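> With the sequence up front, the predicted model follows.
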Amino acid sequence: MSDLEAFRAEVRSWLEENCPPEVRGPIESENDMIWGGRKATFKTPAHKLWMERMGSRGWTAPEWPAEYGGGGLSRAEAKVLSSELRRIKAQPALNSFGIWMLGPALLAFGTEEQKKHFLPQIVRGEIRWCQGYSEPGSGSDLASLQTRAEDPSPDNGGDHWIVNGQKIWTSYADKADWIFCLVRTDPTNKHRGISFVLFDMETPGVSTRPITLISGKSPFCETFFDNVRVEKANLVGELNRGWDVAKYLLAHERTMIGAMGEGMGRPLGEVARDSIGTDEQGHLDDPMLRARIAEWELDGAAFRLAMDSAVDRMKAGQAHPALASVLKYYGSELNKRRFELLMSAGGYDALEWEGERSHDGDTARNWLRTKANSIEGGTTEVQLNIIAKHLLNLPGA
Amino acid sequence: MPLILTEEQVMLKDAVHGFLSENAPIKHLRQLRDSRDADGVSRDLWRAFGEMGFAGVIIGEEHGGSGLGAVEAGVIAESLGRTLTPSPFLGSSVLSATVLKEVGNTDQQFWLSKIAAGEAIVSLAVDEGPKHAPHKSTTRYERSGNGFKLDGAKAMVLDGHIADSLIVAAQGDDGLSLFLINPKTVGVKVERTVMVDAHNAARITLSNVEVDADALLGEVGGGQAALDKALSLGRAVTAASLNGAGDQAFHITVEYLKTRQQFGKLIGEFQALQHRAAHLYTELELTKAATLGALQAVDEGKGGADLSTSIAKAKAGRVAELAVQEGVQMHGGVGMTDEFDIGLFMKRVRVLNETLGDSHYHLNRLATARGY
């Protein structure tokens, strides 16, 4: 038996024993999602147990080094783990901006103390993070951000800053424990006047206000900072070089948003078949929809392979950083297309906004939510600009 | 297996690309076309392909081949797509070689060594109507005397007009059978089809063609599995050619955007064109991954390999089509001229798209396989 096969056998038996039945099967509503944090709520005690068990093995962040609480797995082992998780339809043990975004940035830019302190908490789901990037006046032009961090001591040699300003589109800020945040530390330099800092959302002066979206839900907040004290020890990377950290992290965010197009939920063809029915040949009773679903599945299959290939190339050091924009662009458009098709397949049923039958309008609300995919984390148009400039070297891009 | 080429595969890629750039660049296609060459391919080039080990890429070393796999065949086909080189590679080295490997007896496998050496062209005759439809074959065989008698008509037989031997798929009471036939046999009529891309195929009619029992490949009625295997690999390899052609057309176009000036600017400065180019780049990334994924799946003998090849062929066809359409449009007026190469890519992609099933064929296959 090869090492990988032995590892697969070990994973399989561990999961058999440790993955509770309550967390197997498709995600049906937001209540199923495990986010962790100080204010965590769990659908059932089994959901909490699942997070804790996976966290203690480091398998919520399988490829992070074991010394920081991660799984310490190789790429090949991580693929085995995820295929075994898929096999038993296990739901994610932890959804976390800490794992998807902050962690990779800390691994690349953090001090040893920061990594030792923050990473294990992230892996175990103890601290829930939110991201303070966009501001009301700084959307696509993110580097124009105005939230100020000022050193109150006149010689600029104090141990903390005072932060004032406002962030917007802060995902789940009202549920998060800590924030990773871009602040202006030099007003005279646009890109090289930004720093990347971490602070507790319970620090006096921090307040949040949820924004109601077209889906009727409020996953985003406005976040206000009014004389918030931030320790200088929580600066990640160099002073005034936070844009480098931000760009690095955005690449991870983009890959994550891109990944939303794959794998989630039941296959489209199956949903449509149950809703619309089939003809005597077993083909969907709507040939035009059938064709469009097949086109989507074609692109979805190719996209999954492109994601795999991108990760393999990153590991082999052959990937251009702007590849993240390729995946973000395509993946978010793909997810939007998926929900357009789900709405079409659902017909009248998908129009329901309230009621138990539709889980309070799950399909319709999720459909509307996906419209943000090509806006958040850099719009589709910004991604295309990045591809034109960095991958195609087109003039003036 | 990681979705990247191994070091050896990258070396092969460089070798093929170097060889074709030197010996058969697009100028080579133009010469064959403009001189109305009777063969439409260069036999010398085919022999050199044999000497380099390319013609026998998937053929075992015992027959003088290189004994490599689908990924390597794809690497060669991609290069052929970039240089638009007319070559018996797909028909002989991929399709016919697969059939001969699967069901050829010792005598019949003599042709494998001839293919590997670049000394013979063996064509597979499957399609009959205007579209790829291997399940709709009406060419019939029946037992006759000591052997068989065949009747029917085949179309889009790659390199059929210069084939040294033909592999013909025919239906009979026992099911689908494959026959290895000398094209000079009485009753075989071969008509060259001069195609839009100046590559090579023929129409072949079979009228009361009598063949001996030893013409049969494998068992009577037992040809389906070998044919399916050849078609599956052929589709993945054709997807690789489409990738090569599409990617090269894209490359030429992006270079043009960086040199052509209008309104006092390089046209590549216009965001309307930048975004379309960026979209195309993204689509090509997906296509490359889908194609390599399919070729690897074939090599690994995975259960879903056949469906992967349909996915690769459909995706590559659509994206290469977009690449050549955008290519001609972004070139503007000169894109319509025969002098510029971009139009040659458009023609080649159209032909490769039809070959072994267009995207509609493979999308339908995907939907059926997924049960809707």
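It's in. Keep in mind that this is a model prediction, so the values were computed, not measured.
> can we go C-alpha only for contacts and neighbour counts from here?
Noted.
> interface residues of chain A facing chain B?
A:269-270, A:273, A:278, A:282-284, A:290-291, A:294-295, A:298-299, A:301-303, A:305-306, A:308-309, A:312-313, A:326-327, A:330, A:381, A:384-385, A:387-388, A:392, A:394-397 (Cα under 8 Å from any Cα of the partner chain).
> just the buried members of those?
Taking 16 or more other Cα atoms under 10 Å in any protein chain shown as the criterion, what is buried in those is A:269-270, A:273, A:278, A:283-284, A:290-291, A:294-295, A:298-299, A:301-303, A:305-306, A:308-309, A:312-313, A:326-327, A:330, A:384-385, A:387-388, A:392, A:394-395, A:397.
> Run a quick neighbour tally on the residue of the stretch 1-150 of chain A found nearest chain B.
Closest residue of the stretch 1-150 of chain A to chain B, Cα to the nearest Cα: residue A:76 (8.5 Å). Residues lying near residue A:76 (other Cα atoms under 10 Å in any protein chain shown) number 13.
> so after the host helix or strand of it, what's the next helix or strand?
Per DSSP states H and E: residue A:76 is located in helix A:75-87. Counting by DSSP H and E, the next helix or strand C-terminal to helix A:75-87 is helix A:97.
> mind listing what's buried in the next helix or strand after that next one?
Later in the chain than helix A:97, the nearest helix or strand by DSSP H and E is helix A:103-109. Using 16+ other Cα under 10 Å as the test for burial, helix A:103-109 gives A:103-107, A:109.
> cool, stretch B:249-259 as well?
B:249-251, B:253-254, B:256-258.
> Equivalent analysis for stretch A:270-281, please.
A:270-273, A:275-276, A:278.
> what does chain B have sitting close to chain A?
Counting by Cα under 8 Å from any Cα, chain B sits next to chain A at B:2-4, B:254, B:257-258, B:266, B:268-269, B:271, B:274-275, B:277-279, B:282, B:285-290, B:293, B:311-312, B:314-315, B:363-364, B:366-368, B:370-372.
> And for residue 3, the neighbour number?
Because you didn't say which chain, this covers chain A. Look at residue A:3: counted by other Cα under 10 Å, it has 9 neighbours.
> hm, I was asking about chain B
Here the number of neighbours of residue B:3 (other Cα under 10 Å) works out to 21.
> before we move on, the earlier item: just the buried residues of stretch B:249-259 now: which is nearest chain A?
Minimum distance to chain A across the buried residues of stretch B:249-259 is 6.6 Å, recorded for residue B:258 (Cα to the nearest Cα).
> Quick one: residues contacting the closest residue to that closest one other than its chain neighbours.
Counting by Cα to Cα, 6 or more residues apart in numbering or on different chains, residue B:258 lies nearest to residue B:268, which is 5.5 Å off, once chain neighbours are set aside. Shown in contact with residue B:268 (Cα atoms under 8 Å, 6 or more residues apart in numbering or on different chains): A:394-396, B:254, B:257-258, B:274.
> and the residue of the stretch 1-150 of chain A closest to chain B, what is it in contact with?
Residue A:76 neighbours (Cα under 8 Å, 6+ apart): residue A:4.
> which intervals of the stretch 1-150 of chain A have sub-threshold pLDDT?
Along the stretch 1-150 of chain A, the model assigns pLDDT under 70 to residues A:1.
> which residues in it form strands?
Using DSSP state E, counting those that start in this stretch, the strands found in the stretch 1-150 of chain A span residues A:129-132, A:148-150.
> Between those strands, which shows the greatest average number of neighbours?
strand A:129-132 (a mean of 25; mean count of other Cα atoms under 10 Å in any protein chain shown).
> Starting from that one, tell me which strands it pairs with and how they run.
strand A:178-184 (parallel) (DSSP bridges).
> What average pLDDT does the partner strand get?
Averaging pLDDT along strand A:178-184 gives 98.
> same question, stretch A:321-328
pLDDT averaged over stretch A:321-328 gives 92.
> Name the residues of that stretch that come out as buried.
A:322-328.
> Equivalent analysis for stretch A:366-381, please.
A:366-371, A:373-380.
> do stretch A:242-253 as well
Neighbour counts over stretch A:242-253 (16+ other Cα under 10 Å) mark A:242-246, A:248-253 as buried.
> Tell me which residue in the stretch 51-200 of chain B sits closest to chain A.
Counting by Cα to the nearest Cα, the stretch 51-200 of chain B gets nearest chain A through residue B:71, at 15.0 Å.
> The closest residue to residue B:224 other than its chain neighbours: what's it in contact with?
Nearest non-adjacent residue to residue B:224, counting by Cα to Cα, 6+ apart: residue B:176, 5.9 Å away. Shown in contact with residue B:176 (Cα under 8 Å, 6+ apart): B:169-170, B:220-224.
> Neighbour-wise, give me the winner out of the residues you listed.
residue B:169 (26 neighbours).
> Which strands and helices lie in contact with the helix or strand where that one lies?
Taking DSSP H and E as the criterion, residue B:169 maps to strand B:165-170. Packed against strand B:165-170 by the contact rule (3 or more Cα pairs under 8 Å, 6 or more residues apart in numbering or on different chains; DSSP states H and E) you find strand B:122-125, strand B:177-181.
> Give me the contact list for the shortest one.
Strand B:122-125 is contacted by residues B:91-92, B:95-96, B:111, B:115, B:154-160, B:163-169 when judged by Cα under 8 Å, 6+ apart.
> Got a PyMOL select line for the buried ones in the residues you listed?
The PyMOL command for the buried members of the contacts of strand B:122-125 (criterion: 16+ other Cα under 10 Å) is given here:
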select buried, chain B and resi 91+92+95+96+111+115+154+155+156+157+158+159+160+163+164+165+166+167+168+169
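> Mind checking which of the contacts of strand B:122-125 land in helices?
Using DSSP state H, the members of the contacts of strand B:122-125 that fall within helices are B:111, B:115.
> so the residue located most distally from the centre of chain A, which of the three states?
The outermost residue of chain A, judged against the average C-alpha position, is residue A:280 (42.7 Å), by Cα atoms, centre = their mean. Three-state call for residue A:280 (DSSP: H, G, I helix; E, B strand; the rest coil): coil.
> tell me which residues of stretch B:261-279 are tucked away?
Buried positions in stretch B:261-279, judged by neighbour count with 16+ other Cα under 10 Å: B:266-269, B:271, B:273-275, B:277-279.
> First-to-last residue distance for that stretch?
22 Å (Cα to Cα, to the nearest Å).
> ok so, going back, need the max-distance pair from the buried residues of stretch A:321-328.
Checked with Cα to Cα, these reach their widest spread between A:322 and A:328, with 10.0 Å between them.
> count of residues packed around residue A:5?
12.
> ok so, going back, could you tell me which of the residues of chain B next to chain A belong to strands?
residue B:266 (DSSP state E).
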